[in-house]
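J.: Would you be able to build a 3D model of this:
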Amino acid sequence: MRLGHVALLLAGLAPLEAKALPLVQVRGGDHPGHGRVVFDWPQPTGYRLEEPAAGRVMLRFATPAEFELAAVRRGVRNLAAIEAAGQDAALATRPGVRVRHFRL
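T.: A predicted model of the protein is given here:
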């Protein structure tokens, strides 16, 4: 009898694991005097920015996602590297960079 209950519970959890994460396109651009990195979320989500050390910025989003980074990895002024997974994006900046963030 208990095995039947466990099987039902596991079967009930399978669709939750299969739910796809939103795909977030990340793009960048160079402009006179600054570079820009944009996270194009399909719907609004919260975030916070942390600067744990000089030259390192963490963006912590309220929603887990899959990040498409190919476009931004081709080169953005003052951005040394970018990595993203789950709810976080880590950006390494070049020396002397001042980070500003905002919503569009």
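
J.: can we go C-alpha only for contacts and neighbour counts from here?
T.: Fine.

J.: Worst mean pLDDT across the helices and strands of this protein, which element?
T.: Within the chain, no helix or strand scores below helix 2-18, which has a mean of 48 by mean pLDDT, DSSP states H and E.

J.: after that one comes which helix or strand?
T.: Using DSSP states H and E, the next helix or strand after helix 2-18 towards the C-terminus is strand 23-31.

J.: center of the protein, which residue is that?
T.: Residue closest to the average C-alpha location in the chain (Cα atoms, centre = their mean): residue 89, at 4.4 Å.

J.: My read is that it contacts residue 81, right?
T.: No. Counting by Cα atoms under 8 Å, residue 89 sits too far from residue 81 to count as a contact (10.5 Å).

J.: can you list the residues that contact stretch 84-99?
T.: 55-67, 78-83 (Cα atoms under 8 Å, 6 or more residues apart in numbering).

J.: meant to ask about stretch 36-54, not that
T.: Contact with stretch 36-54 is made by 22-30, 57-63, 72, 76-77, 101, as judged by Cα under 8 Å, 6+ apart.

J.: Could you tell me the end-to-end distance of that stretch?
T.: The straight-line separation of the ends of stretch 36-54 (Cα to Cα, to the nearest Å) is 18 Å.
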